[in-house]
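how would this look folded up:
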Amino acid sequence: MVPEEQLPPRLRGLPRLIQVHEHPDISYATNNLSYPSKGKIWGCFHDTSVYSESEHVQITEFGACLYRNKEWVLSTIYGRPYSTGEFEQWFNCPAGVLEPGKRYMNRLNYSAMMDQLDFESHAALWYYIGRKADGSEVKGYSLVFAVRRPDPDPKSQQVYFDRAT
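Residues are numbered from 1 along each chain as shown. This next block holds a predicted model:
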């Protein structure tokens with residue numbers, strides 16, 4: 001867990017009503033069989049589940065921030081936060097609205113794509129901002145660590161190969 005005062009400024013002070021889980025939370029580089037159109041050889045993949053335990057919440061913004069020079073810096077493939085529509089599509093969540101108690105999954109999320117394994121490993125903070133029915137904003141977030149080397153246990157990579165084929 002990241003202390004409130006060390007979160008990106010956009011998240012500070014918002015109640016944490018959205019639950020976010022990454023699996024695995026340490027993601028080793030694997031051969032990129034999942035997104036060949038990206039043109040990258042390696043990826044650090046992880047499943048992401050997002051849910052609200054008690055209230056309907058519409059996701060209005062989400063993204064990943066990397067920890068660089070003692071601050072969280074937005075890092076997405078579009079250089080901007082992702083939208084409600086992108087959440088709807090990637091998490092199969094109609095209108096981006098979380099139904100209480102229902103988990104929404106992105107089975108092929110990733111925190112790094114690269115051609116070489118000569119980059120630094122890094123922590124990524126995946127965050128989600130949503131709006132409740134009363135109009136108030138809430139947040140959820142989790143950490144995943146992208147490790148720029150192959151997993152020392154090759155059996156753990158099999159889940160990614162199985163999903164990609």
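
residues in contact with residue 88?
Listed by CB atoms under 8 Å, 6 or more residues apart in numbering, the contact partners of residue 88 are 94, 95, 96. Heads up, the C-betas are built off the backbone N, CA and C, glycines and all.

among the residues you listed, which ones are buried?
With burial judged by 16 or more other CB atoms under 10 Å, the buried subset of the contacts of residue 88 is residue 96.

can you list the contacts of residue 88 in CSV and add pLDDT?
Converted to CSV, these look like this (pLDDT from 0 to 100):
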residue, pLDDT
94, 97
95, 98
96, 97
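
Rebuild the contacts of residue 88 as a markdown table, extending it with distance to residue 61.
Formatted as a markdown table, these follow (distance: CB to CB, whole Å):
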| residue | distance to residue 61 |
| --- | --- |
| 94 | 18 |
| 95 | 15 |
| 96 | 10 |
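
Just the contacts of residue 88: which are in helices?
Among these, the subset assigned to helices under DSSP state H is empty.

nearest to residue 74, of the contacts of residue 88?
Nearest to residue 74, judged by CB to CB, of those is residue 96 at 19.3 Å.

So what's the residue count around the closest residue to the closest one other than its chain neighbours?
Using CB to CB, 6 or more residues apart in numbering and skipping the chain neighbours, the partner closest in space to residue 96 is residue 84 (3.9 Å). Counted with other CB atoms under 10 Å, residues neighbouring residue 84 total 18.

In contact with residue 84, which residues?
58, 59, 60, 61, 95, 96 are the contacts of residue 84 under CB under 8 Å, 6+ apart.

Could you find the closest non-adjacent residue to the fifth one?
Using CB to CB, 6+ apart and skipping residues adjacent in sequence, the residue nearest residue 95 is residue 88, 6.3 Å away.

In what element of secondary structure is the one you found found?
helix 84-91 (DSSP states H and E).
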